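**Q** predicted model, plus sequence, below.
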Amino acid sequence: MNILLTGGAGYIGSHTAVVLSQAGHEVVLLDNFCNSSPSVLERLQKILGKALPCVEADVRNTDAVERVLREYKIDAVIHFAGLKAVGESVANPVLYYANNVQGSISLLQAMQKVGVKTLVFSSSATVYGEPQYLPYDEDHPTKPMNPYGQSKLQTEKILRDLAISDADWKITSLRYFNPVGAHESGLIGEDPNGIPNNLMPYIAKVASGELPHLNIFGDDYETRDGTGERDYIHVMDLAEGHEAAISYLENCCRGFEVINLGTGKSVSVLELISAYEEVIGCKIKKFITKKRPGDLPVYYAQANKAKKLLNWIAIRSVGDICETTQRFSAAKIIA
Ligand code: NAD
Ligand code: UDP
């Protein structure tokens, strides 16, 4: 298939580009590079042995998206393009609704004009909000706690309405849990600017000496060891989940479907740190500090629906996650 990845130069998009291209799909990237660098294209070329076409454009430019859909005879779109920092979304909600909701509407308008009606959407477990029970299954009530989560939920609502209005649409919204890790080559991975908000890139920066120590946000939660637990999913597992979603849409699905992509297991902050320490063979300097406001103690996915519908499960271990993260981090320092 000819598949357009909006936000394809970003963290999850670039790994998905590798998986789809290696599976024989023709992949086209569209990105405005607001949170990525064109240098990822060279690294993708190294991994794949060929260049992927990439169009620099904002997804809110409907005409530009329409041109790309026509020029490359696109059959399906995976919509990664979006802003994703929770704190920033609280500080600047309009930016988030404009980019994430308006961006999605613009993409849908272009797709409608051209008649491309197959879409995978990047959603998030954050749409669930405070857990009423765990693991979160796809029927868990949705109540996002911040504008970022709201922007994902609102987009899902638009997609559901669209699929009801026109039976030709095939749409899957994938609710990701905590994507981490890197491609085994160490050439692509997650590389946030400045001080990371998320645990995994923070650990990597402490391990590399870029940051002096890690702050553990609370150790008196009602969890296995008192620290927060999350469902960390290797980005290559996640990328393979997108390939599975594309096959599912191609072969059987009509309408709108929401599917969790997670491992179904939770890992605590201390467990993740100790897995990383095992990989690097030394201790990571860390202090217990106060809880981060708004943090949930624990959440993880019920992953059965993905297994049933997509024939997909996450296969990589926490050790694989730490090892590939470290390889990417070390390669970055050498480069
Ligand atoms: P990322 O920031 O690395 O990638 C997003 C890409 O989209 C970037 O390359 C950015 O430049 C591009 N982009 C943003 N707005 C754009 C616009 N208006 N037009 C064109 N390009 C634009 O983020 P990621 O981690 O790869 O996330 C991809 C998607 O998955 C996002 O929609 C995000 O909300 C969602 N998601 C991510 C996580 C996570 O923890 N990484 C979790 C759940 C959901
Ligand atoms: N965390 C931490 N120190 C950090 C960053 C995160 O202790 O510097 C904890 C956080 O409290 C949570 C877990 O690590 O329990 C995962 O946080 P992250 O921000 O990576 O994911 P999210 O909370 O958004 O699911």
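**A** Perfect, I can see it now. Fair warning: this is a prediction, and the values are worked out from it, not measured in the lab. Ligands and ions are numbered 1, 2, ... in the order given.

**Q** just give me the neighbour total for the residue of the stretch 201-335 of the chain found nearest ligand 1.
**A** The nearest approach of the stretch 201-335 of the chain to ligand 1 comes at residue 235, 8.2 Å away (CB to the nearest ligand atom). All C-beta atoms are positioned from the backbone trio N, CA, C, and that covers glycine. Counted with other CB atoms under 10 Å, the neighbours of residue 235 add up to 26.

**Q** next one, pLDDT for it please.
**A** At residue 235, the model reports a pLDDT of 98.

**Q** dump the residue contacts of residue 195.
**A** By CB atoms under 8 Å, 6 or more residues apart in numbering, the contact list for residue 195 reads 202, 205, 211.

**Q** from residue 118, how far out is it?
**A** 39 Å (CB to CB, to the nearest Å).

**Q** and residue 175, by the same measure?
**A** Applying CB to CB to residue 175 and residue 118 gives a distance of 19 Å.

**Q** the contacts of residue 195 in helices, which ones?
**A** 202, 205 (DSSP state H).

**Q** select only the buried ones of the contacts of residue 195 in ChimeraX?
**A** Listed next is the ChimeraX selection for buried residues among the contacts of residue 195, using 16 or more other CB atoms under 10 Å:
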select :202,205,211
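
**Q** and which of the contacts of residue 195 is nearest to residue 248?
**A** Nearest to residue 248 among the contacts of residue 195 is residue 202, at 34.6 Å by CB to CB.

**Q** the closest one is in contact with residue 212, isn't it?
**A** No: using CB atoms under 8 Å, residue 202 is not in contact with residue 212; the gap is 11.4 Å.

**Q** how about the residues of this protein that lie near ligand 2?
**A** 178, 197-199, 202, 214-217, 228, 230, 269, 292, 295 (CB under 6 Å from any ligand atom).

**Q** residue contacts, the closest residue to residue 32 other than its chain neighbours?
**A** Leaving aside its sequence neighbours, residue 32 sits nearest to residue 58 (CB to CB, 6 or more residues apart in numbering; 4.4 Å). The contact partners of residue 58, by CB under 8 Å, 6+ apart, come to 32, 64, 103.

**Q** against the centre of the chain, work out the most remote residue.
**A** In terms of distance from the mean C-alpha position of the chain, residue 282 ranks first, at 29.5 Å (CA atoms, centre = their mean).

**Q** local confidence estimate at that residue?
**A** Residue 282 is given a pLDDT of 96.

**Q** how about residue 335?
**A** Looking at residue 335, the pLDDT reads 66.

**Q** quick one: which of residue 175 and residue 118 has more around it?
**A** Taking neighbours as other CB under 10 Å, residue 175 and residue 118 compare with residue 175 leading, 25 against 21.

**Q** would that one count as being in a strand?
**A** Yes: according to DSSP: H, G, I helix; E, B strand; the rest coil, residue 175 belongs to a strand.

**Q** OK, contacts around it?
**A** Residue 175 touches 123-125, 127-128, 138, 258-261, 301, counting by CB under 8 Å, 6+ apart.

**Q** can you tell me how far the residue lying closest to residue 81 once chain neighbours are set aside sits from residue 308?
**A** Using CB to CB, 6+ apart and skipping the chain neighbours, the partner closest in space to residue 81 is residue 7 (3.3 Å). Per CB to CB, residue 7 is found 28 Å from residue 308.

**Q** many thanks, I have nothing further to ask.
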